[in-house]
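Peer 1: pasting a predicted model and its sequence here:
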Amino acid sequence: EDVPMGMNLDFIDERSWEISWKYAGIAMDAIRSEGYPDDRLVDAYSNAVQQLEYIQANPNEGVCASVVLQVEQRAVLERSAFKADLEISAESTDAITNIKIDIHVTDVNGFSANSLFGIVVDSVSGFSGISGNGTLPAKNSGSVSWTIIPGNFAAEFGTTDYRIGGTLQYRIDGANFTIPLFPTQISVYPNPKLKFRYFWEKSVYSDDPFTSQVEPAVPFNLAVMV
């Protein structure tokens, strides 16, 4: 009734818009807390729909899998490494197949930093593999442990923060899922490095083995700068 005569009524009430914007922000925060970056909202929606469809088709089973990734957050000193452990519990009556787990290290801006780290799988327990063909039997749990070793250039100019996360892909009851592993922030300290410069004399004087005369050895000067 407040709209002037002849004006278009096809608009959103300001109060309704503010409420919708507020709840949109809450939803975005929830999506980010699950490990999805802003440019992968479609993946978040797709995975949520897949899980909902699975739960609706299997009402007595609930969540098909629970995933926990734990990363040791202690500062790195003298080339020590970080430990990461992942646990998966299959809570459905169907086996989880096609398991693929990738660990991702990113800098604070979200760019990949995997090339600055060595990522070694220490142990796999409970399922057959993590490269895309792994299987976890129904009602069972599995775990993976990694050692993540910073390289010399990971903290070349001082203490540097990174985030360790990843993705878990699997298939269950004909449905494919991709679950982001929420990243944990770590701090990497520079590796201690020493540089040496050697200086020595050009000529060395000592006894000539091809003569009978014994010549005295002349002290040889060697200098080292650290």
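Peer 2: Structure received. Since this is a predicted model, take the numbers as computed values, not measurements. Residues are numbered from 1 along each chain as shown.
Peer 1: packing partners of the helix or strand hosting Pro183?
Peer 2: Take DSSP states H and E as the rule and Pro183 turns out to sit in strand 175-188. The contact analysis (3 or more C-beta pairs under 8 Å, 6 or more residues apart in numbering; DSSP states H and E) places strand 175-188 against helix 41-57, strand 65-71, strand 96-107, strand 160-172. C-beta coordinates here come from the backbone N, C-alpha and C atoms, glycine included.
Peer 1: now it: how far from the chain's centre is it?
Peer 2: 6 Å (C-alpha atoms, centre = their mean, to the nearest Å).
Peer 1: please write out the alpha-carbon positions of that strand in PDB.
Peer 2: What follows is strand 175-188 as a C-alpha-only set of coordinates in PDB (Å, rounded to 0.1, in the frame of the first residue of the first chain):
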ATOM      1  CA  ALA A 175      26.600 -43.300  -4.600                       C
ATOM      2  CA  ASN A 176      29.900 -41.500  -4.900                       C
ATOM      3  CA  PHE A 177      31.000 -39.000  -2.200                       C
ATOM      4  CA  THR A 178      33.800 -36.400  -1.900                       C
ATOM      5  CA  ILE A 179      34.300 -35.200   1.600                       C
ATOM      6  CA  PRO A 180      36.800 -32.300   2.300                       C
ATOM      7  CA  LEU A 181      39.000 -32.800   5.300                       C
ATOM      8  CA  PHE A 182      38.900 -29.600   7.400                       C
ATOM      9  CA  PRO A 183      42.300 -28.000   7.300                       C
ATOM     10  CA  THR A 184      44.400 -27.500  10.400                       C
ATOM     11  CA  GLN A 185      46.900 -24.600  10.700                       C
ATOM     12  CA  ILE A 186      50.500 -25.400  11.400                       C
ATOM     13  CA  SER A 187      53.600 -23.200  11.900                       C
ATOM     14  CA  VAL A 188      56.900 -24.100  10.300                       C
END
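Peer 1: what does the model give His104 for pLDDT?
Peer 2: At His104, the pLDDT value in this model is 90.
Peer 1: skipping adjacent residues, who's closest to Glu215 in space?
Peer 2: The shortest distance from Glu215 to any non-neighbouring residue, by C-beta to C-beta, 6 or more residues apart in numbering, is to Asp207 (4.9 Å).
Peer 1: contacts only, for that neighbour.
Peer 2: 214-217 (C-beta atoms under 8 Å, 6 or more residues apart in numbering).
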